[in-house]
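Colleague: just to be clear, the model below is a prediction. Sequence and coordinates:
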Amino acid sequence: MTDFVLVHGAWQGSWCWARVRRLLAQQGHGVFTPTLTGLAERSHLLTREVELETHIADVANLVAWENFRDIVLVGHSYGGAIVRHVADRMRDRIRSLIYLDAFVPENGKSVLEYLPNAGRDLRDLAVLHGGGWKVPPLSAAALGVNPADAPWVDRQSTMHPLSTIEVPARIAGACDSVEDIGFILARGRQNSPFAQFDAVAERRGWWREQLACGHEMMLDMPNELTALLLKRT
């Protein structure tokens with residue numbers, strides 16, 4: 001049995017992993033899908049004080065208190081920045097580190113720096129609709145979610161704290177020494193900001209896979225995604 005820790009992206013929560021969580025559990029694996037502070041069912045905790053370190057602690061504390069060893073750590077989208085930090089600080093507990101259509105920030109660079117215009121569109125959204133400090137969700141259509149799930153995703157998504165994507169990463173480099181590192185690209189979304197990280201994975205010799213779907217591959221292709229994750233057990 002392998003323990004999987006699956007970390008969601010911006011505006012989402014544990015709910016987005018339900019299908020993959022069920023499929024992995026049916027194979028006898030432990031599956032943990034923490035919701036980051038201030039999002040989804042924890043949206044009542046969203047304040048200006050929630051920052052990148054808060055979300056890193058959400059996941060690092062789960063790993064520490066559950067005394068996980070030899071885990072498969074997966075980060076989707078913004079969650080890539082979280083798992084990268086966790087792996088950097090808890091390298092000895094990680095069997096596999098998987099970036100799922102995710103940000104892979106270098107030391108000193110924020111998530112926003114990897115977006116067009118340094119994320120100006122998200123900053124503007126925060127000013128217009130989030131009091132300047134929280135970002136309203138992008139639509140499911142903008143993320144390429146399949147039409148059947150799009151209304152559900154729009155209902156479930158919640159505000160995201162802007163500061164978490166403005167703060168530069170603090171990476172020492174241990175995360176890149178994890179023995180098994182991979183990147184899974186969603187190739188069904190045009191002009192994806194995540195193609196640049198697939199190129200990073202290629203340069204570094206990480207294993208790479210692609211799924212022909214939108215950004216929310218755990219919703220669009222849960223069976224295929226689960227099959228890729230099970231290869232790491």
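Modeller: Perfect, thanks for sending it.
Colleague: now do stretch 65-83: distance to the chain's middle.
Modeller: Computed by Cα atoms, centre = their mean, to the nearest Å, the separation of stretch 65-83 from the middle of its chain amounts to 9 Å.
Colleague: alpha carbons of it, as PDB, please.
Modeller: The C-alpha atoms that make up stretch 65-83 are tabulated as PDB, following Å, rounded to 0.1, in the frame of the first residue of the first chain:
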ATOM      1  CA  TRP A  65       1.400  14.500  12.200                       C
ATOM      2  CA  GLU A  66       0.400  11.400  10.200                       C
ATOM      3  CA  ASN A  67       4.100  10.400  10.300                       C
ATOM      4  CA  PHE A  68       4.000   9.600   6.600                       C
ATOM      5  CA  ARG A  69       7.000   8.000   4.900                       C
ATOM      6  CA  ASP A  70       7.700   7.000   1.300                       C
ATOM      7  CA  ILE A  71       4.700   9.000   0.000                       C
ATOM      8  CA  VAL A  72       3.600  10.000  -3.500                       C
ATOM      9  CA  LEU A  73       3.100  13.800  -3.300                       C
ATOM     10  CA  VAL A  74       1.100  15.300  -6.100                       C
ATOM     11  CA  GLY A  75       0.400  19.000  -6.700                       C
ATOM     12  CA  HIS A  76      -2.100  20.400  -9.300                       C
ATOM     13  CA  SER A  77      -1.700  23.900 -10.800                       C
ATOM     14  CA  TYR A  78      -0.900  26.300  -7.900                       C
ATOM     15  CA  GLY A  79      -0.500  23.200  -5.700                       C
ATOM     16  CA  GLY A  80       2.800  22.600  -7.600                       C
ATOM     17  CA  ALA A  81       4.300  25.500  -5.700                       C
ATOM     18  CA  ILE A  82       3.100  24.000  -2.400                       C
ATOM     19  CA  VAL A  83       4.400  20.400  -3.000                       C
END
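Colleague: quick one: average pLDDT of the longest helix along the chain?
Modeller: Using DSSP state H to define each element, the chain has its longest helix at helix 52-65. Average pLDDT, helix 52-65: 98.
Colleague: for D70, grab the count of nearby residues.
Modeller: Other residues near D70 number 11, with proximity taken as other Cβ atoms under 10 Å. Any C-beta I mention is one placed from the backbone N, CA and C, and that applies to glycine too.
Colleague: is it correct that it is in contact with V5?
Modeller: No - under the criterion of Cβ atoms under 8 Å, D70 makes no contact with V5, lying 11.5 Å away.
Colleague: that older thread, buried residues, the longest helix of the chain. List them.
Modeller: In terms of neighbour count (16 or more other Cβ atoms under 10 Å), helix 52-65 has its buried residues at L52, T54, H55, I56, A57, D58, V59, A60, L62, V63.
Colleague: number of residues surrounding the closest residue to the fourth one other than its chain neighbours?
Modeller: Computed as Cβ to Cβ, 6 or more residues apart in numbering, the closest residue to I56 that is not its neighbour in sequence is H85, at 4.6 Å. By other Cβ under 10 Å, the residues close to H85 number 24.
Colleague: I94: what's it in contact with?
Modeller: Under the criterion of Cβ atoms under 8 Å, 6 or more residues apart in numbering, the contact partners of I94 comprise D70, I71, L73, A87, V178.
Colleague: got a ChimeraX select line for the buried ones in those residues?
Modeller: This is the ChimeraX syntax for the buried subset of these, where burial follows 16+ other Cβ under 10 Å:
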select :71,73,87,178
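Colleague: from the contacts of I94, which two are the most distant?
Modeller: Comparing all pairs in these by Cβ to Cβ, the longest separation belongs to D70 and A87, at 13.0 Å.
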